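**Student:** predicted coordinates and the sequence they were generated for:
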Amino acid sequence: MLDLGKYIIFSLLSIFFSISSFSETRKFNIGKIATKQEVAGWDIDIRPDGLGAPKGSGDALSGEEVYAERCASCHGDFGEGIDRWPELVGGSGTLSSHDPVKTTGSYWPYASTIYDYVYRSMPFGEAQSLTYDETYKIVAYLLNMNDIIDEDFILSNENIGKIKMPNRNGFLLPDPRPDVKNLNGNPCMKNCNTPTKIIGKARDIDVTPEDEKS
Amino acid sequence: MAKEKKDIVSRRSIIKASISLSALGLSSKTLFAKEANNKNLPPNVPEWTETLGDGVDVNPYGMPSEFESNVIRRNVEWLTASTESSVNFTPLQDLEGIVTPNGLCFERHHSGTAIINPIDYRLMINGLVDREMIFTLDDLKRFPQVNKFYFLECAANGGMEWKGSQLNGCQYTFGMVHNVQYTGVKLSDLIQETGLKNNAKWVLAEGSDSSGMTRSIPIEKIKDDCIIAWAMNGEALRPEQGYPIRLVVPGWEGNMWVKWLRRIEFGDKPYMTREETSKYTDLLSDGKARMFTWVMDAKSVITSPCPEKPVLQKGIHQIRGLAWSGRGKIKRVDVSLDGGKNWKTAQLHSPVLEKSLTRFTIPFEWNGEEMLLQSRAIDETNYVQPTIKELQNIRGVNSIYHNNSIATWLILKNGKVDNVRLG
């Protein structure tokens, strides 16, 4: 009788566990559950609405010093870019010109992206070495250099999602391709009307690396 | 007795080594002179026939012949500020079939190649899932696996050619593409372990290299055919291709195929990362830019003849080329010898796989006159590869990305080949 009781309890427990694992709907039971701390250490992205922005703040005035120390050797004191390193400042009004200059000020649609990128990837070769406050200061400095915020504006996790970037509405969605004429798989095969005059040769431009010149 | 025999072998090995050194000297000379050594031609018996070659343990991991030393990835130094944030190009002109050898797959890094001990590798999945989870490499290999050929093309392949012909080579103008067989687990299977919240609409894929590369991918694509891959062409991923794990996003631009993948986050909106806003957006002539232009449209290239592969003699030759489409299979490739006025349909070689490079060939006869070679791909959606003029008319010349236009190779009277622009 006692044994039967044990058996019944065991059976009930088995049913309970099999139901609970079924409700988890893990098909393979592979991998482990991540702890909150594990996720927090790696989940560094921040979104345009500011979701994910870590607590911190900084203004352009204090950002100038951090920028000079950590960024200027490649990007120049004023974000003008040294050698082939990217320009970060200027370019306003050039996007429809023959020589568009795409900077954080003229092109980037969201301030959050600057923070996200600087924190995860910069300085080049020293990724994730900036503090949250240092990152806010650098972003504030860049926004100020691009005439987007005042030099004493305190950029923070509270307001980074509300900064209005000049080129915020400069992007088109969705992808309109295929955007060329629909030939329905039947292009011209004979005596096609197409220009065949040579109007340019790569050889004349002469920028091909040496060992490939034939 | 055995020892004596071994000694003989050793002596012979030494003799052989000195012979092969001199052979190497001769061969290098003849390679550059492009003239055969008469001593190796009939009726003479060549040196390599009279001597022993290397034993089985000389090259535990085999390398290409020393005479193929020019078949390498190359970069264009002036393009970028540093080689750690740069690109090199696949030597398509030297490859046959559709498989790109692992060591020749072009590289694009944003902060150099991360070196990861697989024991320390972890893949985190977090965000709008039922269970935030972490997987080891061994964990991932326990899931059902898939083996699929896919091309990977950088959206900027041919980006230097928008305004005109700039680089005189097939490698530099088309070489940001490769095609390998991936082994991995479908992301749709991984999702079964984590579960998904109903409002999970976007994925952020993040690399663990020093650039922490990130891209947003819509959930439909993730569920459709994305793979978490650990092998290419039968062996572990090469470090420069994301060892131990990379994301495979079939048919879509290479930038999304995050290497050294460390994290997949599910969210309800796109993340608008640096790569999908300031880069990989296509600037039009009115100053507006297209965003989220993921698919790689149909494209083709003649890989021989080309600027690196001149025509060395008159008579019959085989035009060889590659075609691919991010929208499915290649249906047809046409080739023109007169700059696009008249076309003939080339032969497609099996296998013809979806979202994979497809090999085409067609014979042609060169009689010493100038010729304008072009190829034109048509995919199974009936999309026809356009001319550069068609693309320019719609997009201007500052798009950088997604130039899938028809290229023109000019065969000169001396047999050299030039990258030219017609108009």
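**Tutor:** Perfect, I can see it now. Residues are numbered from 1 along each chain as shown, chains lettered A, B, ... in the order given.
**Student:** for chain A, see how far away the residue most central in space within chain B is.
**Tutor:** By C-alpha atoms, centre = their mean, chain B has its centre lying nearest to B:H178, at 1.6 Å. Separation of B:H178 from chain A (C-beta to the nearest C-beta, to the nearest Å): 19 Å. The way it works is simple: take the backbone N, C-alpha and C, and place the C-beta from them, glycine included.
**Student:** what helix or strand is that residue located in?
**Tutor:** Counting by DSSP states H and E, the element that carries B:H178 is strand B:177-186.
**Student:** please apply the same query to A:D133.
**Tutor:** Secondary structure from DSSP H and E places A:D133 in helix A:132-145.
**Student:** re earlier: list the buried residues of the next helix or strand after the strand holding B:H178.
**Tutor:** For strand B:177-186, the following helix or strand on the C-terminal side (DSSP H and E) is helix B:187-194. Buried residues in helix B:187-194, counted by 16 or more other C-beta atoms under 10 Å in any protein chain shown: B:L187, B:D189, B:L190, B:I191, B:E193, B:T194.
**Student:** can you pull out the strands in chain A?
**Tutor:** For chain A, the strands defined by DSSP state E cover A:32-33, A:57-58, A:155-156, A:171-172, A:198-201.
**Student:** show me what the last one is packed against.
**Tutor:** Translated: strand A:198-201. strand B:417-422 (3 or more C-beta pairs under 8 Å, 6 or more residues apart in numbering or on different chains; DSSP states H and E).
**Student:** give me the contacts around the strand it packs on.
**Tutor:** Applying C-beta atoms under 8 Å, 6 or more residues apart in numbering or on different chains, the contact partners of strand B:417-422 are A:194-203, A:214, B:164-165, B:167-169, B:173, B:305-307, B:309-311, B:339-340, B:372-373, B:388, B:407-412.
**Student:** what sits against the closest residue in space to A:D49 that isn't next to it in sequence?
**Tutor:** Of all residues not flanking A:D49 in the chain, A:G161 sits nearest, at 4.6 Å (C-beta to C-beta, 6 or more residues apart in numbering or on different chains). By C-beta under 8 Å, 6+ apart, the contact set of A:G161 is A:R47, A:P48, A:D49, A:G50, A:L51, A:A53, A:A111, A:S112.
**Student:** what sits up against the helix holding A:D133?
**Tutor:** Contacts of helix A:132-145 (C-beta under 8 Å, 6+ apart): A:54-60, A:62-64, A:66-67, A:70-71, A:78-79, A:88-89, A:104-105, A:111, A:114-115, A:118-119, A:130, A:149-151, A:153-156, A:160, A:163.
**Student:** and the residue nearest to the centre of chain B, what pLDDT?
**Tutor:** Listed pLDDT for B:H178 reads 98.
**Student:** which residues does it form a beta bridge with?
**Tutor:** In this structure, B:H178 bridges to B:L152 when assessed by DSSP bridges.
**Student:** does it touch B:C105 like I think?
**Tutor:** Yes - with contacts defined as C-beta atoms under 8 Å, B:H178 counts as touching B:C105 at a distance of 3.9 Å.
**Student:** which neighbours do the two share?
**Tutor:** B:T90, B:L152.
**Student:** and B:A23, what pLDDT?
**Tutor:** Note on B:A23: pLDDT of 38.
**Student:** got it, and A:E210?
**Tutor:** A:E210 is assigned 79 on the pLDDT scale.
**Student:** tell me how far it lies from B:A377.
**Tutor:** A:E210 is 32 Å from B:A377, where distance means C-beta to C-beta, to the nearest Å.
**Student:** looking at the two, which is more packed in?
**Tutor:** Comparing A:E210 with B:A377 by other C-beta atoms under 10 Å in any protein chain shown, the one with more neighbours is B:A377, at 27 against 5.
**Student:** where do the strands sit along the stretch 101-250 of chain B?
**Tutor:** For the stretch 101-250 of chain B, the strands defined by DSSP state E, counting those that start in this stretch occupy B:108-109, B:123-127, B:133-135, B:146-153, B:177-186, B:202-207, B:214-218, B:227-232, B:235-236, B:246-248.
**Student:** hang on, the earlier thing: filtering the buried residues of helix B:187-194 by proximity to chain A, which remain?
**Tutor:** Among these, the ones lying near chain A by C-beta under 8 Å from any C-beta of the partner chain are B:D189, B:E193.
**Student:** rewinding a little: buried subset of the contacts of strand B:417-422?
**Tutor:** Among the contacts of strand B:417-422, the ones that count as buried by 16+ other C-beta under 10 Å are A:194, A:198, A:200-203, A:214, B:164-165, B:167-169, B:173, B:305-307, B:309-311, B:339-340, B:372-373, B:388, B:407-411.
**Student:** quick one on the thing from earlier: return the member of the buried residues of helix B:187-194 nearest to B:L353.
**Tutor:** B:L187 (20.1 Å; C-beta to C-beta).
**Student:** against B:V295, how distant is the closest residue to the closest one other than its chain neighbours?
**Tutor:** Using C-beta to C-beta, 6+ apart and skipping residues adjacent in sequence, the residue nearest B:L187 is B:C226, 4.4 Å away. Separation of B:C226 from B:V295 (C-beta to C-beta): 14 Å.
**Student:** pairing partners for B:Y182 in the sheet, please.
**Tutor:** Listed by DSSP bridges, the beta-bridge partners for B:Y182 are B:K148, B:M232.
**Student:** my bad, should have said B:A205
**Tutor:** Legend: beta-bridge partners of B:A205 under DSSP bridges are B:R215, B:I264.
**Student:** wait, it sits on B:K221?
**Tutor:** No - B:A205 lies out of contact with B:K221 (C-beta under 8 Å); the separation is 10.9 Å.
**Student:** more neighbours, the two?
**Tutor:** Using other C-beta under 10 Å, the more surrounded residue of B:A205 and B:K221 is B:A205, with 26 against 18.
**Student:** circling back to that earlier point, and the residue nearest to the centre of chain B, how close does it get to B:N157?
**Tutor:** For B:H178, the distance to B:N157 equals 11 Å [C-beta to C-beta].
**Student:** surely B:P101 and B:N233 touch.
**Tutor:** Yes - with contacts counted by C-beta under 8 Å, B:P101 reaches B:N233, the gap being 7.3 Å.
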